[in-house]
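Participant: using only what follows, build the 3D model:
(4 chains)
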2 protein chains.
Amino acid sequence: MKKLGTRHENLDFKVYRELKSMIVDRKLKPGDKILQEKIAREFGVSRTPLMCALKKLEQEKLVQAVPRRGFYVRRFTKEEVLEAFELREILEGLAARRAAHIISPAQADRLRGFFRDADLSDSAQSIKRYAEEDRRFHQFLIELGGFDLLNDILENYNIITVSYRIDVMEGLVRHPRETLPEHEALIEAIASGKPEQAEKIARQHFNRSRQQLMKDMLQEKMAGTQRQPA
Amino acid sequence: MKKLGTRHENLDFKVYRELKSMIVDRKLKPGDKILQEKIAREFGVSRTPLMCALKKLEQEKLVQAVPRRGFYVRRFTKEEVLEAFELREILEGLAARRAAHIISPAQADRLRGFFRDADLSDSAQSIKRYAEEDRRFHQFLIELGGFDLLNDILENYNIITVSYRIDVMEGLVRHPRETLPEHEALIEAIASGKPEQAEKIARQHFNRSRQQLMKDMLQEKMAGTQRQPA
DNA sequence: GAATTGAATATTGTATGCAAAAAACACTAA
DNA sequence: TTAGTGTTTTTTGCATACAATATTCAATTC
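Facilitator: Predicted structure coming up:
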């Protein structure tokens, strides 16, 4: 018995995806109110599926619902971003551990291909390419070691860490020269099937980025003008 | 400026809570189809807020939506339950670590009160009381060391582990005689402010339960008749 | 001019209506 | 019987309608 039947995709899901990418791409900015009528007209749907989509996004914390007022694009606090990093630290640590457990030789080969010809210069171009490779690498790691529940969580909460500071160094927290050795060590630990080591390295990797982020945030606070409305 | 204003609770949220407890309490059983018209009438609301509530539950994996067919109460696979345990292992490990970091003397006192007068006999009554204490303990641990994101995730996925096998030994996977020393060690590690140790113990605690569960499941498979419909 | 009030307007939360899809049923032919 | 087919009934997905609440803004008072 086949199961390929699910071709009908409900409108609310399409709206959900569209809205989500609008938020991640900053077409809707943090703090913006979401005018249901307007968006619904823009998308050519009624408010019913839009409402559903908004509720979904609320659950993912991308928007905030204020009863009888409406939905607003959420503005993440520094604390939340750091907390999201803390979660990634252990969740991707888990993924790394599992990946090392179950990796196949073919997958190990593919894994070893990541960052092979990384360019560590400071040009915007090379930073950008490294950032892309970084995302692909973490994606592959999750595919390797993840499972449904874990993937769901990571998908939801990576967005918080990604959508913050997207404008600085392509979203990278640390310079490739610093992270490349860590990536290489992680790759080797997973590819050679060392779960404990893989988890440890993955966690260290995120931990260091988190520490760096904390420092950056502190500096920002000292230096700059802080907009932080209610 | 105060902020106590949020008194309006939308209908969909009430429906959501009600449905959720119906599922957890087995008033709606795994596999049951959710007849929207019927439930809506039962709750005295229209299908609109019910729909929203169902979508929320879908995101939490308590129900499954099949487009153009409807919603069904989800039946968890063994794999999923084990995966949920694996998640709890690291997530509550994190909570334990953080708790040990930030615990106050007053909280440490309260923590040490858990399981103080535990009764390790085999009577149904005492097992039941231990299971309740267990839940309260883990809840307190999450309150201590958790944060918003973590709480959300744990709330969702604990349900998977709790709603499975609720009928055997009050949902406990291992006997109190086995888990009590672990609980005591964990309490002491947190109360005396030892983050690394606390995390390690918490993880071991869950890991052992997970191993036990795997064994149990394997035995069930060997022995019993397996209902596992599509 | 600043603060306060209150009507006019806009927006939300929910119920209802309706077309399209799925399920249930009844009837016919092997 | 059983398999197949057309028809009725049910149910879903979505649009729309409407009352209740929020917001806006002009008029009024201090």
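
Participant: please make it C-alpha for all contacts and neighbour counts, starting now.
Facilitator: OK.

Participant: would you mark the buried spots in stretch A:129-136?
Facilitator: Going by neighbour count (16 or more other Cα atoms under 10 Å in any protein chain shown), the buried part of stretch A:129-136 is A:130-131, A:134.

Participant: to clarify, my last question referred to stretch A:91-106.
Facilitator: A:91-101, A:103.

Participant: related to what we said a few turns ago, same list (the buried residues of stretch A:129-136) but as a markdown table, adding pLDDT and secondary structure.
Facilitator: Supplementary listing: the buried residues of stretch A:129-136 in a markdown table, determined by pLDDT from 0 to 100; DSSP: H, G, I helix; E, B strand; the rest coil:
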| residue | pLDDT | secondary structure |
| --- | --- | --- |
| A:Y130 | 93 | helix |
| A:A131 | 91 | helix |
| A:D134 | 94 | helix |
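
Participant: right, and the helix or strand after the helix or strand where A:P49 lies?
Facilitator: Assigning secondary structure by DSSP states H and E places A:P49 in helix A:47-59. Per DSSP H and E, helix A:47-59 leads on to strand A:63-66 as the next helix or strand towards the C-terminus.

Participant: could I get the average pLDDT for that following strand?
Facilitator: Taken as a whole, strand A:63-66 has an average pLDDT of 93.

Participant: can you list the strands that the helix or strand following that strand pairs with?
Facilitator: Per DSSP H and E, the first helix or strand lying C-terminal to strand A:63-66 is strand A:70-73. Within its sheet, and counting by DSSP bridges, strand A:70-73 is paired with strand A:33-34 (antiparallel), strand A:63-66 (antiparallel).

Participant: so the helix or strand following strand A:70-73, near chain B or not?
Facilitator: Once the chain leaves strand A:70-73, the next helix or strand it forms, by DSSP H and E, is helix A:78-102. Yes: counting by Cα under 8 Å from any Cα of the partner chain, contacts between helix A:78-102 and chain B involve A:80, A:83-84, A:87, A:90-91, A:94.

Participant: which among those gets closest to DNA strand D?
Facilitator: A:E80 (25.2 Å; Cα to the nearest atom of the strand).

Participant: residues in contact with that closest one?
Facilitator: B:L149 (Cα atoms under 8 Å, 6 or more residues apart in numbering or on different chains).

Participant: and A:I102, by the same measure?
Facilitator: Neighbouring residues of A:I102 by Cα under 8 Å, 6+ apart: A:144-145, A:193.

Participant: count the neighbours of A:R110 for me.
Facilitator: The number of residues packed near A:R110 is 12, by other Cα atoms under 10 Å in any protein chain shown.

Participant: read off the pLDDT value for it.
Facilitator: Value for A:R110, per-residue pLDDT: 97.

Participant: neighbouring contacts of the helix or strand hosting A:S21?
Facilitator: Using DSSP H and E, A:S21 falls within helix A:11-24. By Cα under 8 Å, 6+ apart, the list of residues contacting helix A:11-24 from outside reads A:28-29, A:43, A:49-50, A:52-54, A:56-57, A:62, A:73, A:159, A:163.

Participant: how far away is A:M214 from chain B?
Facilitator: 17 Å (Cα to the nearest Cα, to the nearest Å).

Participant: just the pLDDT for that residue.
Facilitator: The model's pLDDT for A:M214 equals 91.

Participant: what's the burial count for the nearest residue to it once chain neighbours are set aside?
Facilitator: Closest residue to A:M214 apart from its sequence neighbours, by Cα to Cα, 6 or more residues apart in numbering or on different chains: A:L82 at 7.6 Å. Residues contacting A:L82 under the criterion other Cα under 10 Å number 19.

Participant: hmm, who's touching the helix or strand bottoming out on mean pLDDT in chain A?
Facilitator: Using mean pLDDT, DSSP states H and E, the weakest-scoring helix or strand in chain A turns out to be helix A:148-163, at a mean of 80. Residues from elsewhere that reach helix A:148-163 (Cα under 8 Å, 6+ apart): A:24, A:60, A:76, A:81, A:84-85, A:88, A:91, A:142, A:171, B:80, B:83-84, B:87, B:153.
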